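**Student:** need a structure here:
(2 chains)
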2 protein chains.
Amino acid sequence: MSEASAIVVPKGFRASGVKAGVKPSGGLDLALIVADVPCSAVGTFTTNRVCAAPVKWCREIVPTDSARAVVVNAGNANAATGARGEADARRTAEDAAALLGCKPHQVLVASTGVIGHHLPMDRIEAGLRAAAPALSTAPASFHAAAEAILTTDTHTKIVSHARDGWTLLGMAKGAAMIGPRMATMLAFLVTDARIPSATLQPILSEAVEESFNCLSVEGHASTNDTVLLLASGLAGEELSGQALEHFAAALKDACQTLAQAMAADGEGSTHFITIDVEGCADREEARTLARAVADSPLVKTAIHGADPNWGRIVSAAGYAGVPFEERELSLGINGVRVYDHGAPTDFDANALSAELRAHRDVHLRLHLKRGTASIRFWTCDLTAEYVRLNADYTT
Amino acid sequence: MSEASAIVVPKGFRASGVKAGVKPSGGLDLALIVADVPCSAVGTFTTNRVCAAPVKWCREIVPTDSARAVVVNAGNANAATGARGEADARRTAEDAAALLGCKPHQVLVASTGVIGHHLPMDRIEAGLRAAAPALSTAPASFHAAAEAILTTDTHTKIVSHARDGWTLLGMAKGAAMIGPRMATMLAFLVTDARIPSATLQPILSEAVEESFNCLSVEGHASTNDTVLLLASGLAGEELSGQALEHFAAALKDACQTLAQAMAADGEGSTHFITIDVEGCADREEARTLARAVADSPLVKTAIHGADPNWGRIVSAAGYAGVPFEERELSLGINGVRVYDHGAPTDFDANALSAELRAHRDVHLRLHLKRGTASIRFWTCDLTAEYVRLNADYTT
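**Tutor:** Alright, predicted model coming up:
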């Protein structure tokens, strides 16, 4: 997913990633994505009541049909920073607008990193001055941008797709503080397809519902969750009908690929877990059950220990708040039925444990008999390494 | 709290704790509490939809005014065990009733341990035959019972209180799978106060609301949560008016002491965390905020690392679902105001970190301006030892 050769860049977009000195590590930490023409731009954002200043800025702007740029910094979330934080987000947009020759309200901003510290504006401004001349249409520039938005991620998360004359490119970051609810961690997508923002917003929202909103590392919803999609329209005619459906399908696929990459890169994780919940009354019910299982530290540690301790899984489903009857519930782990209509089965626990130990991928399937709705959800296990990483993150 | 000399035993109760061979460790694992006379008995239970067979049994019986005994086994939860599990719970009550000379519906049962395995009934029955002749009114017998209900707890949790001629004794277990919602882990209380079950049930429910329901280790609500309170009435006249209020206060105090002991004994924990949430519209809102903070792995690991990373605390409050405004929120850690009406303060992070490193007790105080309701909630930190214990628990 991260080989530069495999990435196609949509027409009308340039990117760069530079070292602004915000990350203590000294790595790339400021990304700039610029469109040559005014773009349709839509987004989805965190529902956290403590919401970052850049999220407030973007919410005022999208949906729009005149976006020109996205500025992202890593190493500082500019969240819980009060009025000064809001002024800093605005100033970032103003500085970028001056450099790019557009208006501040054409510049979207996003931040990720530690909460509660003021942005080092001198470094942000110097970073922008270095990033603007580095802008390029080369795939390597988009890889640099994708690297500059990372925090504790172990690798970049970037995806692209070409079809029907248009191309779509997406990038994301996130390895912890991931429990999106109607929003997600940072993800940025650009396309040259021609789709006005009024059409684009519901398509993005639906893609997010079945991708980033089906993702959890430890269930802690971030203050900064942001997904932005910019469409330059340079690929040609406005999409409609079946062509628009093709785009929507590609967008959902791209978002799912990025969401899976985030779960697989969950801090300290040793297992990537896919949870299918089926037979529910509606999609929200299925998501609620999947999230309860995904967020249970007891489920996550059992899988870390290669322990097919299915009692933890069915009991997590039991407290999710969905009023099912125990006899309606069945559970499979990696295709092995371990719980069948409310009663244990006589499965080979040693063989299943050996399989969990041998493979990174785990598949849980919960089946109910309440309806036909289903969901696929992604998470990872909980390890001592996660604790170590998060006990030591700021001090 | 666990010294035998400090315990007073209410009139009319005997107890014992024996080794039935259910726990792999070979320790005490079957507790029997017997009343000489029919008792008022009330309870609160798990709201988990996957609910253990002994919980279903008890729910059929309480509230009652003719309870005679409680049988508890550790090492096996008899949960998610289907129809056979329900038959096993009933048979446990029948066997105890035969030994004690009462009816099966006068015997309450509870189980704790691994989920999804059938009870070894031969061992339960042999254990009951050993426990019945060992019954005694001695404090040491109640300590043996309190030890026999433990699983991964590191010490017994027992409390007693004497006032106005009556006495109250309570015991509890629990160190993980603790996220009670309208119920709790196992706790058993006995008193010789004379209070009919119709009066006793609301008093117990209110005590549970402000004790076990303000407790979380990792937020995973158990299938077996059970609180039972038996009142023999042998202390004299029926309590009413101010005397009843005294009893209710003592009961709440006993439940809070046991709940605090469970959080302090949270698996692998190195910090005991008290969370005060104040200035809320109602108690449920305060509890929702406290639970979100208590259950965040990022908050728990930060405290484990002695890191005053308050951004994780306010962001956990932010996703709890309570519609507060960020500027209404303030946060203190161990008396130090770190976040004031939506903006960071200039506190000494190094000094606060040193204090968190030096002391096991941590106090968080979240203050809002939505009303006058408040709650006090208890939890513990998340450590690599918790992960190790729970990655290795059944296999």
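**Student:** C-alpha from now on. contacts and neighbour counts both.
**Tutor:** Fine.
**Student:** Averaged pLDDT, the longest strand along chain A. What do you get?
**Tutor:** Criterion DSSP state E: the longest strand present in chain A is strand A:30-45. Average pLDDT, strand A:30-45: 93.
**Student:** tell me what it is packed against?
**Tutor:** When contacts are defined as 3 or more CA pairs under 8 Å, 6 or more residues apart in numbering or on different chains; DSSP states H and E, strand A:30-45 sits against strand A:13-18, strand A:64-76, helix A:121-134, helix A:139-148, helix A:197-209, strand A:226-231.
**Student:** Return the distance of the helix or strand following it from the chain's centre.
**Tutor:** Once the chain leaves strand A:30-45, the next helix or strand it forms, by DSSP states H and E, is helix A:53-61. Centroid displacement of helix A:53-61 relative to its chain, using CA atoms, centre = their mean, to the nearest Å, is 18 Å.
**Student:** for stretch A:102-109, same thing?
**Tutor:** Relative to its chain's centre, stretch A:102-109 lies at 23 Å (CA atoms, centre = their mean).
**Student:** okay, that stretch in PDB with CA atoms only?
**Tutor:** Extracted in PDB, the C-alpha atoms of stretch A:102-109 (Å, rounded to 0.1, in the frame of the first residue of the first chain):
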ATOM      1  CA  CYS A 102      -5.800  32.600  -2.100                       C
ATOM      2  CA  LYS A 103      -8.200  33.500   0.700                       C
ATOM      3  CA  PRO A 104      -7.900  32.200   4.300                       C
ATOM      4  CA  HIS A 105     -11.300  30.500   4.000                       C
ATOM      5  CA  GLN A 106     -10.000  28.500   1.100                       C
ATOM      6  CA  VAL A 107      -7.500  26.800   3.400                       C
ATOM      7  CA  LEU A 108      -8.500  23.900   5.600                       C
ATOM      8  CA  VAL A 109      -6.300  23.000   8.600                       C
END
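**Student:** average pLDDT for it?
**Tutor:** 96.
**Student:** who touches it?
**Tutor:** Here stretch A:102-109 makes contact (CA atoms under 8 Å, 6 or more residues apart in numbering or on different chains) with A:54-55, A:57-58, A:61, A:66-72, A:89-90, A:92-98.
**Student:** and what of stretch A:211-218?
**Tutor:** Outside stretch A:211-218, the residues that touch it by CA under 8 Å, 6+ apart are A:175-185, A:252, A:255-256, A:259-260, A:263, A:266-267, A:287, A:291, A:294-295, A:375-380, B:296-298.
**Student:** picking that back up, between the helices and strands packed on strand A:30-45, which gets nearest to chain B?
**Tutor:** Chain B lies closest to strand A:64-76 among the helices and strands packed on strand A:30-45, at 11.5 Å (CA to the nearest CA).
**Student:** ok so A:A83 is a helix residue?
**Tutor:** Yes. Counting by DSSP: H, G, I helix; E, B strand; the rest coil, A:A83 is part of a helix.
**Student:** For A:C58, list the residues it contacts.
**Tutor:** Counted by CA under 8 Å, 6+ apart, A:C58 has contacts A:108-109.
**Student:** Nearest residue to A:L128 in space, please, no chain neighbours.
**Tutor:** Spatial nearest neighbour of A:L128, excluding adjacent residues (CA to CA, 6 or more residues apart in numbering or on different chains): A:A96 at 6.6 Å.
**Student:** mind checking which helix or strand the one you found is in?
**Tutor:** Short version, using DSSP H and E: A:A96 is in helix A:82-100.
**Student:** Any buried residues in that helix, and which?
**Tutor:** Within helix A:82-100, the residues that count as buried by 16 or more other CA atoms under 10 Å in any protein chain shown are A:82, A:85-86, A:88-97, A:100.
**Student:** which one of these is nearest B:V338?
**Tutor:** A:G82 (13.1 Å; CA to CA).
**Student:** Verify the contact between the closest one and B:D340 for me.
**Tutor:** No. Taking contacts as CA atoms under 8 Å, A:G82 lies outside contact range of B:D340: 9.6 Å.
**Student:** Look up phi and psi at the residue in the stretch 101-250 of chain A positioned nearest to chain B.
**Tutor:** Nearest residue of the stretch 101-250 of chain A to chain B (CA to the nearest CA) works out as A:I115 at 4.9 Å. Backbone torsions of A:I115, given as degrees, to the nearest 10, read phi -90, psi 140.
**Student:** Check the gap between A:A250 and A:T257 for me.
**Tutor:** 10 Å (CA to CA, to the nearest Å).
**Student:** just A:I149 next, same as before
**Tutor:** A:I149 sits 17 Å away from A:T257, going by CA to CA.
**Student:** wait, the residue of the stretch 101-250 of chain A closest to chain B sits on A:G82?
**Tutor:** No. Taking CA under 8 Å as the definition, A:I115 is not a contact partner of A:G82, at 11.5 Å.
**Student:** buried residues in the longest strand of chain A?
**Tutor:** A:30-35, A:37-45.
**Student:** now do stretch A:325-333
**Tutor:** Buried, per 16+ other CA under 10 Å, within stretch A:325-333: A:326-327, A:329-333.
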